[in-house]
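# requesting a structural model of the entry that follows:
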Amino acid sequence: MTARPEPSRALEAIEALRAGIAAARSLGLDVSRAEVVADEANERLGIVPDAYVVALVGGTGVGKSTILNALGGEVVSPAGARRPTTGTPVAWVAKDAADDVRPLLDRLGVGRPRTHTNAELGRVVVLDLPDLDSIEASHRSQVEAVLPKLDVVAWITDPEKYADAVLHDGFMRDWLPRLDRQIVILNKADRLHAEASARVARDLGRLVAREAGGSGRAGGAGGPPTVISTSAVDGEAGIADLRAWLAGAADSKAVVVGRLVAGARAALGELAAAAGVMAAEVAPFMSEADQRRAIDGAVDEVMRVVDLPGVEAQGVAATRAGARRRGTGPMGLLTAAIYRISGRQARVANPDAYLRGWRERGGLTRATELIRRAIADALPSVPPALRASYAAASEGPDLERRLGDALDRVVSRQSMEAPSSRLWPVIGLAQTANTLVLVFAVAWVILWVIARPEVASYDLPVLGPVPVPMVLLFVSLAVGYVLARLVSLHAGWLGRRWARGVSGSVRARVQEVVDAEAFSPLARVEQARRALGNAWRRIAPEERRG
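Take a look at the predicted model:
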């Protein structure tokens, strides 16, 4: 390893993994495997952190027990021609450390260990595991159960099995990125002449490098695991290299922490890759420009259904109706009453009811279709693991329901009380006075027509002499018309100004609603992706941070 990690580094990795799991869960990703890694890491950190476990892992007949016996200089694990020979894990530990590492052995399900007195390996627990390709199904299951609990692995193969699919596809491809310190041993190299042995070792190295992915997470030296050759005949051939490699990890805590960090990194990397957030900057699947176009189009479609011009017309009519009651005198009150009783006012001068009745004028299918189409266009760039949750945001019925409910809330909170004016009662008093004058003028005209009393007259252009009663009648009618027009014009101006304000307010709030609801599921997806990406970058290797 390039540096000795501290326990705090492992805690930080576990914390980042937990944060990534929470984000991945909200994305609908399968986090069961990552949760197992996090739980196991928490557990391992509290059990003998100053000792590490290395296991000899390989297929039937590759010589795992022979290598362990060579390491110990005695028969530690029986080796024989009958295969499989090792049916349960065999532990080899320093005699002085046997009691200290007992919790580790219990955790691994290992019984009484074999002991040694090699001081260099005092804090190392060596396991000889059953064959991973054994004809006994329980042997492979034992290996699979123990692997997540190991700190270091020595992968053992031979010239016959060095490219075996069970070893590479079933185990190494998955576990190489998850362990920080590993070694690959080509045993029985003596069965080949020197050139062939070197060629097989190179081929094995290329396989391992490809499976390690060039990640620099394995091997303990910033690259893929080291490949060494050993001999089944000469027990010491290559064993010294293995013994030196085991003893080279002098800081057992660093080994344990490195393994925990590597495991958390690999688990979090899988989630980050599934969500497409391994780059330095997490770009959303849909650009802001595409979202803006879809939202603007959806707002226009919603406004078409809401019909703001109709709301404005109703608002102007409602304002004039109020002005008619307050500013047109007795005749205006009579007209307003007829207008109201006939139901016409409720039909054409009720902006509140008209606005709230938007559903009667159409649905929001066309608006939601624009949003659904924008989401569908972005789907090809979405990783397969996220497509289900991403596509769910384009489900029209749900989106239409959410938009409709939000629009109902907008219109229910909108104040639709038509404006009034202090000028109208003044004009109303003038209209009342003018009405009295008009009544008097009509009575006088009738009396003049019937009785023909002597009255003054005025010479008017074109008309000639006109009796005073007729002049008074014409003047009062003209004044009434002017006052009525004045009220109508003022009410229309006031109503249009108010209605435009209402329309602007409704449109702004509808814009907010569509902004909030149209892509809210996608916003939650992108937020979770950013959280997952941030968690990944906390523990990702420098060269993998984009």
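
# any idea how far Phe474 is from the residue of the chain most remote from its centre?
In terms of distance from the mean C-alpha position of the chain, Glu454 ranks first, at 95.1 Å (Cα atoms, centre = their mean). Noted for Glu454: a distance of 20 Å to Phe474, by Cβ to Cβ, to the nearest Å. The way it works is simple: take the backbone N, C-alpha and C, and place the C-beta from them, glycine included.

# would you mind pulling the contact partners of the helix or strand containing Gly315?
For Gly315, the element it lies in under DSSP states H and E is helix 308-327. Here helix 308-327 makes contact (Cβ atoms under 8 Å, 6 or more residues apart in numbering) with 332-333, 335-336, 339-340, 345, 348-351, 354-355, 416, 418-421, 423-425, 427-428, 431, 483, 487-488, 490-492, 494-496, 498-500, 502-503, 506-507.

# what ranges do the strands span in the protein?
Assigned by DSSP state E, the strands in the chain fall at 52-58, 90-94, 114-116, 124-128, 152-157, 181-186, 226-229, 457-460, 464-467.

# out of those strands, flag the one nearest Ser32.
Between Ser32 and the strands of the chain, the shortest separation by Cβ to Cβ is 22.8 Å, and it involves strand 152-157.

# partners of that closest one in the sheet?
strand 52-58 (parallel), strand 181-186 (parallel) (DSSP bridges).

# among the ones you listed, which is nearest Val152?
Nearest to Val152 among these is strand 52-58; the distance by Cβ to Cβ comes to 3.9 Å.

# quick one: buried residues of stretch 205-215?
205, 207-209, 211-212, 215 (16 or more other Cβ atoms under 10 Å).

# next one: stretch 473-480
In stretch 473-480, counting by 16+ other Cβ under 10 Å, buried: 473, 476, 479-480.

# what's around Ile338, how many residues?
Neighbours of Ile338 under the rule other Cβ atoms under 10 Å: 11.

# over to Ser342: give its phi and psi.
Ser342 adopts backbone torsions of phi -70, psi -10, taken as degrees, to the nearest 10.

# where along the stretch 351-500 of the chain do the helices fall?
351-356, 365-378, 384-392, 396-413, 423-451, 468-518 (DSSP state H, counting those that start in this stretch).

# same question but for the stretch 1-150 of the chain, I mixed them up
Under DSSP H, counting those that start in this stretch, the stretch 1-150 of the chain gives helices at 7-26, 32-45, 64-72, 102-108, 137-146.

# let's have those in TSV, adding mean pLDDT and distance to Ala523.
As requested, the helices of the stretch 1-150 of the chain are exported to TSV (pLDDT from 0 to 100; distance: least, Cβ to Cβ, whole Å):
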stretch	mean pLDDT	distance to Ala523
helix 7-26	91	12
helix 32-45	91	24
helix 64-72	83	53
helix 102-108	90	44
helix 137-146	84	40
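
# how many neighbouring residues does Val462 have?
Neighbours around Val462, by other Cβ under 10 Å: 4.

# tell me the pLDDT of it.
Predicted confidence (pLDDT) for Val462: 77.

# any idea how far it lies from Val455?
Val462 is 21 Å from Val455, by Cβ to Cβ.

# now do Val466
The value you get for Val466 to Val455, if Cβ to Cβ is used, is 10 Å.

# so who does the residue nearest to Asp241 when sequence neighbours are not counted touch?
Sequence neighbours aside, Ile228 is the residue nearest to Asp241 in space, at 4.8 Å (criterion: Cβ to Cβ, 6 or more residues apart in numbering). By Cβ under 8 Å, 6+ apart, Ile228 lies in contact with 183-186, 238, 241-242, 245.

# in those residues, find the pair that's most separated.
Spanning the widest gap among the contacts of Ile228 are Leu186 and Trp245, at 14.0 Å by Cβ to Cβ.

# if we can go back for a sec, most tightly surrounded among the helices of the stretch 1-150 of the chain?
Counting by mean count of other Cβ atoms under 10 Å, helix 64-72 has the highest mean neighbour count of these, with a mean of 23.

# who does that helix touch, helix- and strand-wise?
Applying 3 or more Cβ pairs under 8 Å, 6 or more residues apart in numbering; DSSP states H and E, one finds that helix 64-72 contacts strand 52-58, strand 90-94, strand 124-128, strand 152-157, helix 239-248.

# quick check: buried residues in the last one?
For helix 239-248, the buried set under the neighbour-count rule, 16+ other Cβ under 10 Å, comprises 239, 242-243, 245-246.

# and it with strand 52-58, angle?
Inter-element angle recorded for helix 239-248 and strand 52-58: 150 degrees (by axes from the mean of the first three to the mean of the last three Cα atoms, to 10 degrees).

# swap in the second one?
Interaxial angle, strand 90-94 versus strand 52-58 (the same axes, to 10 degrees): 140 degrees.

# strand partners (parallel or antiparallel) of strand 90-94?
strand 114-116 (parallel), strand 124-128 (antiparallel).

# for the last one, C-alpha coordinates in CSV please.
Taking only C-alpha atoms (Å, rounded to 0.1, in the frame of the first residue of the first chain), the coordinates of strand 124-128 have been written out as CSV:
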residue,chain,number,x,y,z
VAL,A,124,-1.4,-13.2,10.7
VAL,A,125,-4.1,-15.9,10.6
VAL,A,126,-3.6,-18.2,7.7
LEU,A,127,-6.6,-20.2,6.4
ASP,A,128,-6.6,-23.2,4.1
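
# begin at 427, not 1, for the rest of this chat.
Sure, I'll start counting at 427 from here, so that last one is strand 550-554.

# and for Asp616, nearest residue in space, chain neighbours not counted?
Nearest to Asp616 is Ser657, by Cβ to Cβ, 6+ apart, at 4.1 Å.

# run a quick neighbour tally on Asp559.
Asp559 has 20 nearby residues by other Cβ under 10 Å.

# how near is it to Asp532?
Relative to Asp532, Asp559 is positioned 28 Å away (criterion: Cβ to Cβ).

# give me the domain ranges for the protein.
433-701, 714-944 (automatic domain parsing).

# starting at the chain centroid, how far to the last one?
Its chain's C-alpha centre and that of domain 714-944 lie 44 Å apart, by Cα atoms, centre = their mean, to the nearest Å.

# distance across that domain, terminal residue to terminal residue?
Start-to-end span of domain 714-944 (Cα to Cα, to the nearest Å) is 13 Å.

# what's near enough to touch Tyr765?
747, 750, 771, 775.

# any of these buried? List them.
Using 16+ other Cβ under 10 Å, the buried ones in the contacts of Tyr765 are 747, 750, 771, 775.

# out of these, which is nearest to Ala793?
After measuring those against Ala793 - Cβ to Cβ - the closest member comes out as Ala775, at 28.6 Å.

# how much space between the nearest residue to the closest one once chain neighbours are set aside and Arg444?
Once flanking residues are discounted, Ala775 sits nearest to Ala743: 3.7 Å by Cβ to Cβ, 6+ apart. To Arg444, Ala743 is 62 Å away according to Cβ to Cβ.

# count the residues that sit near Arg956.
Counted with other Cβ under 10 Å, Arg956 comes out at 16.

# over to Arg785?
By other Cβ under 10 Å, 12 other residues sit near Arg785.

# burial count for the residue lying closest to it once chain neighbours are set aside?
In this structure, Arg785 finds its nearest non-sequential neighbour in Gly830, 7.4 Å apart by Cβ to Cβ, 6+ apart. A count of nearby residues for Gly830, using other Cβ under 10 Å, gives 20.

# one more: the one 3 residues further on?
Other residues near Leu833 number 23, with proximity taken as other Cβ under 10 Å.

# these two touch, right, it and Val725?
No: in this structure, Leu833 is not within contact of Val725 by Cβ atoms under 8 Å, at 11.0 Å.

# need the overlap of contacts for those two.
Val936.

# tell me the pLDDT of the residue nearest to Leu886 when sequence neighbours are not counted.
Distances taken as Cβ to Cβ, 6+ apart place Val892 nearest to Leu886, at 5.2 Å, with adjacent residues excluded. Listed pLDDT for Val892 reads 81.
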